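# Give me the fold of what follows.
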Amino acid sequence: MPLLLGDDALAERVAALADALRGQGLRIATAESCTGGLIAALCTSLAGSSDWFERGFVTYSNAAKTEALGVDAALIDGHGAVSEAVALAMARGALTHSAADLALAVTGIAGPGGATPGKPVGLVWLGWAWRDGAEVKADAAQQVWPGDRTAVRSATVQWGLERLLVLAAGRKAR
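Numbering: from 1, shown residues only. Next comes the predicted model:
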């Protein structure tokens, strides 16, 4: 079943994001786990996205997070792949391994399986990072989305696009 690509509200949000990024002279990168590249797909569905979309990483496995983004395996072992620490490391890694100015990372449990004690289905961590001069700054937040796998992934994509829009509005190119 196609997920999200025909959603007019999301298309409008991506267009607003594109305008904000172009207006600020910024480029973004994404690092996605539970969304499997949906955010990158939505961004690149807009013609001209190469002006502002630098690259996307789909790092579904723990090994991919380590190999592609440089997330320390000990961090994953210590906190779990679905954690604030890993979301922050993924966002920083996406920024470090790209020429982007802003990065968004998503890691979560979309379900129906995968829950563990303290980490229910629907738990998603979003991490974002940005360049501030020579320094990389980052922040993270979590949500627990209700519903099935599609609902969790859809809500996560919407939340990620909103966060990128807020970030783009508050930053300027290097």
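
# ok, Asp19 to Asp51 distance?
With the distance defined as Cβ to Cβ, to the nearest Å, Asp19 ends up 11 Å from Asp51. In short, each C-beta sits where N, CA and C put it, glycine included.

# same check, this time on Ala115
Ala115 sits 40 Å away from Asp51, taking Cβ to Cβ as the criterion.

# Please point out which parts of the longest helix seen in the chain sit buried.
Taking residue count as the measure and DSSP state H as the definition, the longest helix of the chain comes out as helix 149-170. Taking 16 or more other Cβ atoms under 10 Å as the neighbour-count basis, helix 149-170 is seen to contain the buried residues 149, 152-161, 163-165, 167-168.

# what does stretch 23-31 give?
Gln24, Leu26, Arg27, Ile28, Ala29, Thr30, Ala31.

# What lies in contact with that stretch?
Residues lying outside stretch 23-31 but in contact with it, judged by Cβ atoms under 8 Å, 6 or more residues apart in numbering, are 21, 37, 39-40, 43, 52-57, 59, 69, 90-91, 93-95, 97-106, 160, 164, 168-169, 171-173.

# can you do 7 Å?
Taking contacts as Cβ atoms under 7 Å, 6 or more residues apart in numbering, the residues outside stretch 23-31 that touch it are 21, 39-40, 52-57, 59, 69, 90-91, 93-95, 98-105, 164, 168, 171-173.

# Wait, Gln143 touches Val124, no?
Yes: when contacts are counted by Cβ atoms under 7 Å, Gln143 is listed as touching Val124 (5.4 Å).

# Please identify which of these two sits among more neighbours.
Set side by side, Gln143 and Val124 show unequal neighbour counts under other Cβ atoms under 10 Å, the larger going to Val124 at 25 against 14.

# and stretch 56-65, how far from the chain's centre?
12 Å (Cα atoms, centre = their mean, to the nearest Å).

# Would you mind checking the average pLDDT for that stretch?
Per-residue pLDDT over stretch 56-65 has a mean of 98.

# Put the alpha carbons of that stretch into CSV.
Output of stretch 56-65 as CSV, limited to C-alpha atoms (Å, rounded to 0.1, in the frame of the first residue of the first chain):
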residue,chain,number,x,y,z
GLY,A,56,19.3,10.7,2.7
PHE,A,57,20.6,7.8,4.7
VAL,A,58,18.3,4.8,5.3
THR,A,59,20.0,3.1,8.3
TYR,A,60,17.4,0.5,9.3
SER,A,61,19.8,-1.9,10.9
ASN,A,62,22.2,-1.2,13.8
ALA,A,63,25.1,-2.1,11.5
ALA,A,64,24.0,0.5,9.0
LYS,A,65,23.8,3.2,11.7
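
# and Val82, which of the three is it?
Counting by DSSP: H, G, I helix; E, B strand; the rest coil, the backbone at Val82 sits in coil.
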